[in-house]
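> My questions are about this predicted structure, shown below with the sequence.
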Amino acid sequence: MAGHDRRQDHSGDANASRAHWLFGDQLGPHFLRPGPEGPGRGAPVVMIESRAVLRRRVFHRAKAHLILSAMRHRAAELGERATYVRAETYREGLREAGAGPLTVHHPTSRAALRLVRDLEGVTVLPPRGFLVDHADFRNWAGEHGRGAEGRGLRQEDFYRWVRARNDLLMEGEQPVGGRWNLDHDNREPPPRGEEHLDVKAPYRPREDAVDAQVREDLDRWEREGTVRFVGRDGPRRFPATRREARAALRRFLTERLPAFGPYEDALLARDGVLAHSLLSSSLNLGLLDPLEVAEGAEAEYRAGRAPLSSVEGFVRQVCGWREYMWQLYWHFGEEYRDRNALDHHEPLPGWWRDLDADAVTANCLRTVLEQVRDTGWTHHIPRLMVLGSFALQRGWDPGRLTDWFHRCFVDGYDWVMLPNVVGMSQYADGGRMTSKPYTSGGAYLHRMSDLCGGCAYRPDARTGPEACPYTAGYWAFLHRHRDLLAHNPRTARPVRGLERLKDLDALLDQEAGRGSAAP
């Protein structure tokens, strides 16, 4: 049965007399669709560019540029309907706007939700830009969770439920093709001997006068010392308008989707995007709605233009994983932020915080850190198995790492990164979200990438000058947590492998000496 469609129009508009406040990640037309759970028809719009947001954290320069460009473009599109205020804080901006009673859609962070609920005259409307209402998820979780910790919640069950209720890739009550998950078909290493995947390049927007003004403002603020950034801000790579986002979606669906599935877990040193969609920032800015994206992919399969394995893998990312992260962010509560089941407290080193890829010798980590520095983006495997895995092996503080991912990725928001980093990447919740820590030795990266070729380290070396920091770090991690991991069915066997390492003492001394230095 298809899920509740919140996009329909309604009569009897209860919010007709109120202006509507748009946050900077609520920029698509669906955030202004009227109705009892939406703003008034033709309601005036208030948008606030808060300088304090940029002062509080050291963001990636490309991320700051993208968000400000997207907000200013949206205000220009709305014309006289929009009051666009540049202020130090949201509260000051609201006072300057003088808008009176306001409506606002449920924000995407707990901090923003606390703010809007604390303001007089602000009516908080239900969230938009996601597929499942919070109440519906709570009901689902109540049926699937086991115990107070909710350890029965698994993304695969949720994904199947979302697909069925939205009638995505379904034949009646069964999945198209007879299988819900084709992940095993999508684990190909990159083509050997090729530096680039043979697929059309992704859509690239063209900068305009709005971008020029944003860059001028960012330059001035940096010179004045009022804000500081990391990373590089070259020509904007990601959509800042609905028109650009739709063009990027069309390019992916028609030219890149067929090749997406097989190589979605692969890495190439000189091709950081492969066949990935690069649509995450557009979805998270609210420029695209997840249902239109998933239905567009399904249409390509139904028309015979894209294989089921690629389409299913992409739909799972959008309607399974992305939606699951959004729901778990709210379901687990604010205390989830402080979870640290592995007792990891090491601070992030300066070379990592500053995206100093030139300080790194290990080819895989240097390459991925370069991608983050230069673009503010990498796909999910470098995030998990290169960046996250290295931090996990070194015992870095998961809260600080969450903040780093939030600041340094163009698609990073609190709701995105908190469950992804604390739960998936760092296993800091002790298995509440995933069944094992996600880390590996260099053999995995050697199999799934060309990043080990020409590296100063060897993926099969544990000790000595050529010891791969991932291989040695993996065994050191297992040793540090062997009592815990020995009782996990998915990690018990590797832990037993520690008994066979004749060089374990030397390896542990070596890794203690390496610490958090750039490898």
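The structure has been received and is ready for your questions. Not measured: the values here are computed from a predicted model.
> Which strand or helix spans residue 351?
Residue 351 is part of helix 350-353, with elements assigned from DSSP states H and E.
> Give me the buried positions along that helix.
For helix 350-353, the neighbour count (16 or more other CB atoms under 10 Å) marks 351, 352, 353 as buried. For glycine as for every other residue, the C-beta is placed from the backbone atoms N, C-alpha and C.
> low pLDDT regions in the stretch 151-300 of the chain?
Counting by pLDDT under 70, the stretch 151-300 of the chain has low-confidence residues at 151-152.
> Okay, helices next: where are they in it?
155-165, 209-224, 242-251, 257-260, 280-284, 290-302 (DSSP state H, counting those that start in this stretch).
> And for the stretch 351-500 of the chain?
Going by DSSP H, counting those that start in this stretch, the stretch 351-500 of the chain shows helices at 363-375, 380-381, 389-394, 398-408, 414-417, 442-448, 469-480, 482-485, 492-497.
> Surely residue 326 is in a strand?
No: secondary structure of residue 326 (DSSP: H, G, I helix; E, B strand; the rest coil): helix, not part of a strand.
> Just list the residues touching it, thanks.
Counting by CB atoms under 8 Å, 6 or more residues apart in numbering, residue 326 makes contact with 108, 130, 415.
> One more: residue 173?
residue 164.
> ditto for residue 501
By CB under 8 Å, 6+ apart, the residues touching residue 501 are 462, 475, 507.
> what about it, distance to residue 474?
11 Å (CB to CB, to the nearest Å).
> and what of residue 428?
Residue 428 is 18 Å from residue 474, where distance means CB to CB.
> and these two? which has more neighbours close in?
Higher neighbour count among residue 428 and residue 474: residue 428, with 27 against 23, using other CB atoms under 10 Å.
> who's in contact with the more buried one?
For residue 428, counting by CB under 8 Å, 6+ apart, the contacting residues are 339, 340, 341, 342, 344, 398, 421, 422.
> Out of those residues, which is nearest to residue 56?
For the contacts of residue 428, the minimum distance to residue 56 (CB to CB) is 18.7 Å, reached by residue 421.
> what's the burial count for the closest one?
If you count neighbours by other CB under 10 Å, residue 421 ends up with 26.
> The closest residue to it other than its chain neighbours and residue 428, how far apart?
For residue 421, ignoring the flanking residues on the chain, the nearest one in space by CB to CB, 6 or more residues apart in numbering is residue 402 at 4.2 Å. Applying CB to CB, the value for residue 402 to residue 428 is 9 Å.
> what do those two both touch?
421, 422.
> pLDDT weak spots in the chain?
For the chain, the stretches with pLDDT under 70 are 1-16, 145-152.
> Let's see that with 50 instead.
By pLDDT under 50, the low-scoring segments of the chain are 1-12, 147-150.
> Could you give the number of residues near the closest residue to residue 299 other than its chain neighbours?
Spatially, and ignoring its direct neighbours in sequence, residue 299 is nearest to residue 253 (7.9 Å; CB to CB, 6+ apart). Residue 253: 21 surrounding residues under other CB under 10 Å.
> my read: residue 253 touches residue 297, true?
Yes: look at residue 253 against residue 297 with CB atoms under 8 Å: they come within range, at 6.3 Å.
> so, if you compare the buried residues of helix 350-353, which one comes nearest to residue 208?
residue 353 (32.4 Å).
> how far away is the closest one from residue 58?
With distances taken as CB to CB, residue 353 is found 8 Å from residue 58.
> okay, and the common contacts of those two?
Residues touching both residue 353 and residue 58 (CB under 8 Å, 6+ apart): residue 230.
> Run the chain-centre distance for stretch 200-217.
The gap between the average C-alpha position of stretch 200-217 and the chain average comes to 22 Å, counting by CA atoms, centre = their mean, to the nearest Å.
> neighbouring contacts of it?
The contact list for stretch 200-217, computed with CB under 8 Å, 6+ apart, reads 65, 68-69, 72-73, 76, 233, 235-241, 244, 247-248, 250-252, 255-256, 273, 276-278.
> again, 6 Å this time
Stretch 200-217 is contacted by residues 65, 68-69, 72-73, 235-236, 239, 244, 247-248, 251, 255, 273, 278 when judged by CB atoms under 6 Å, 6 or more residues apart in numbering.
> Now do the same contact list for residue 389.
So residue 389 contacts residue 439 (CB under 6 Å, 6+ apart).
> redo that, cut-off 10 Å
364-365, 382-383, 425-426, 437-441, 444-445, 470, 473-474, 477 (CB atoms under 10 Å, 6 or more residues apart in numbering).
> Can I have the buried ones of those as a ChimeraX selection?
In ChimeraX, a selection of the buried entries from those looks like this (16+ other CB under 10 Å):
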select :364,365,382,383,425,426,437,439,440,441,444,445,470,473,474,477
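> Setting the sequence-adjacent residues aside, check what's closest to residue 422.
Nearest to residue 422 is residue 428, by CB to CB, 6+ apart, at 4.6 Å.
> Repeat that for residue 261.
In space, residue 261 is closest to residue 310, 3.3 Å off (CB to CB, 6+ apart).
> Roughly how far does that neighbour sit from residue 253?
11 Å.
> How about residue 127?
Look at residue 127 and residue 253: by CB to CB, they are 26 Å apart.
> Show me what counts as buried in stretch 428-437.
Neighbour-count burial for stretch 428-437 flags 428, 429, 431, 432, 433, 437 (criterion: 16+ other CB under 10 Å).
> so which two of those residues are the farthest from each other?
Maximum pairwise distance among those (CB to CB): 12.8 Å, between 432 and 437.
> what touches both of the two?
In contact with both residue 432 and residue 437: residue 341, using CB under 10 Å, 6+ apart.
> how many neighbours does the nearest residue to residue 414 once chain neighbours are set aside have?
Computed as CB to CB, 6+ apart, the closest residue to residue 414 that is not its neighbour in sequence is residue 109, at 4.3 Å. Residues contacting residue 109 under the criterion other CB under 10 Å number 16.
> and residue 20, that's in a helix?
No: counting by three-state DSSP, residue 20 falls outside a helix, being strand.
> Check whether it really touches residue 124, as I assumed.
No: between residue 20 and residue 124 there is no contact under CB atoms under 10 Å: 11.7 Å.
> okay, the two: which has more neighbours?
residue 20 (26 against 15).
> quick one, phi psi at the residue lying closest to that one once chain neighbours are set aside?
Among residues not flanking residue 20 along the chain, residue 39 sits closest, at 3.6 Å (CB to CB, 6+ apart). Backbone torsions for residue 39, taken as degrees, to the nearest 10, come to phi -70, psi 170.
> Residue 39 and residue 32: what is the separation?
Residue 39 is 6 Å from residue 32, by CB to CB.
> what's the answer for residue 211, then?
Relative to residue 32, and taking CB to CB, residue 211 is found at 24 Å.
> Next one: the residue nearest to residue 422 from residue 516, what distance?
Counting by CB to CB, the gap from residue 428 to residue 516 is 17 Å.
> same question, residue 233
28 Å.
> neighbour count winner among the two?
Taking other CB under 10 Å, residue 233 and residue 516 do not tie; residue 233 has more neighbours (20 against 17).
> check contacts around the nearest residue to that one once chain neighbours are set aside.
Leaving aside its sequence neighbours, residue 233 sits nearest to residue 61 (CB to CB, 6+ apart; 3.9 Å). Residue 61 sits next to 215, 218-219, 222, 227-234, 373, 376 when contact means CB under 10 Å, 6+ apart.
> Any of the residues you listed buried? List them.
Buried among these by 16+ other CB under 10 Å: 215, 218, 227, 229, 230, 231, 233, 373, 376.
> The second one against residue 229, yeah?
This points to residue 218. Yes: using CB under 10 Å, residue 218 is in contact with residue 229, at 7.3 Å.
> Report the set of residues contacting both of the two.
Residues touching both residue 218 and residue 229 by CB under 10 Å, 6+ apart: 54, 61, 64, 65.
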